[in-house]
Structure formats: structure tokens, C-alpha cells
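**Q** can't give you the sequence, but here's the structure:
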């Protein structure tokens with residue numbers, strides 16, 4: 001009975017770590033891609049450089 005609990009715990013730990021790594025990777029990709037995407041976004045919505053800077057700051061804080 002103890003081995004079944006150990007295997008279940010090990011499996012759930014592995015799944016948790018894998019999910020956390022995938023989530024962290026997605027956040028890192030978003031933060032690295034926004035610097036390239038901000039130029040077309042700013043021109044499309046007619047943002048000033050101050051508004052663009054504020055948007056980037058808020059994005060990196062969140």
C-alpha cells in the first residue's frame with residue numbers, strides 16, 4: 001500500500017513541476033516577444049512614446 005501512495009505522489013510531483021516549467025516558459029516567451037510586437041501595436045493604435053513606455057512597464061510588472 002505504501003508503494004502505491006509513493007508512486008502517486010511522485011507522479012503528481014512530476015506533473016506539477018512539468019506544468020510550472022511550461023507556464024514559466026510561456027511567460028518568458030511573452031516577455032521577450034512583446035518588445036518586437038510593440039512597434040506595430042503602437043503604430044496601429046497611434047500610441048505616443050510615453051504611452052508605449054508605460055504599456056511596456058505595466059506588462060513587465062504583471
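**A** Received it, and whenever you're ready, just let me know what you need. Just so it is clear, the model here is predicted, and its values are computed rather than measured.

**Q** so how far is residue 9 from residue 35?
**A** As defined by Cβ to Cβ, to the nearest Å, residue 35 lies at a distance of 41 Å from residue 9. C-beta here means a position set from N, CA and C on the backbone, and glycine is covered the same way.

**Q** Also residue 34?
**A** Using Cβ to Cβ, one obtains 38 Å as the distance from residue 34 to residue 9.

**Q** between these two, who's got more neighbours?
**A** Comparing residue 34 with residue 9 by neighbour count (other Cβ atoms under 10 Å), the higher total belongs to residue 34, at 14 against 10.

**Q** Check which helices and strands the helix or strand the more buried one falls within sits against.
**A** Using DSSP states H and E, residue 34 sits in helix 2-45. Here helix 2-45 touches helix 49-61, going by 3 or more Cβ pairs under 8 Å, 6 or more residues apart in numbering; DSSP states H and E.

**Q** so how far is the helix it packs on from its chain's centroid?
**A** 17 Å (Cα atoms, centre = their mean, to the nearest Å).

**Q** List of residues touching that helix?
**A** If you take Cβ atoms under 8 Å, 6 or more residues apart in numbering as the criterion, helix 49-61 is touched by 31, 34-35, 38, 42, 47.

**Q** PyMOL command for the buried members of those?
**A** Entered in PyMOL, the line below selects the buried ones among the contacts of helix 49-61, by 16 or more other Cβ atoms under 10 Å:
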select buried, resi 38+42
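
**Q** For the contacts of helix 49-61, give me CSV that also has pLDDT and distance to residue 56.
**A** Listed next are those as CSV, based on pLDDT from 0 to 100; distance: Cβ to Cβ, whole Å:
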residue, pLDDT, distance to residue 56
31, 84, 10
34, 88, 7
35, 86, 8
38, 92, 6
42, 94, 10
47, 94, 10
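
**Q** Any chance of CSV for the contacts of helix 49-61, columns distance to residue 58?
**A** Putting the contacts of helix 49-61 into CSV (distance: Cβ to Cβ, whole Å) gives the following:
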residue, distance to residue 58
31, 12
34, 11
35, 14
38, 12
42, 14
47, 13
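
**Q** Against residue 54, how distant is the most centrally placed residue in the chain?
**A** Nearest to the mean C-alpha position of the chain, by Cα atoms, centre = their mean, lies residue 27 at 1.2 Å. In this view, residue 27 and residue 54 are 20 Å apart by Cβ to Cβ.
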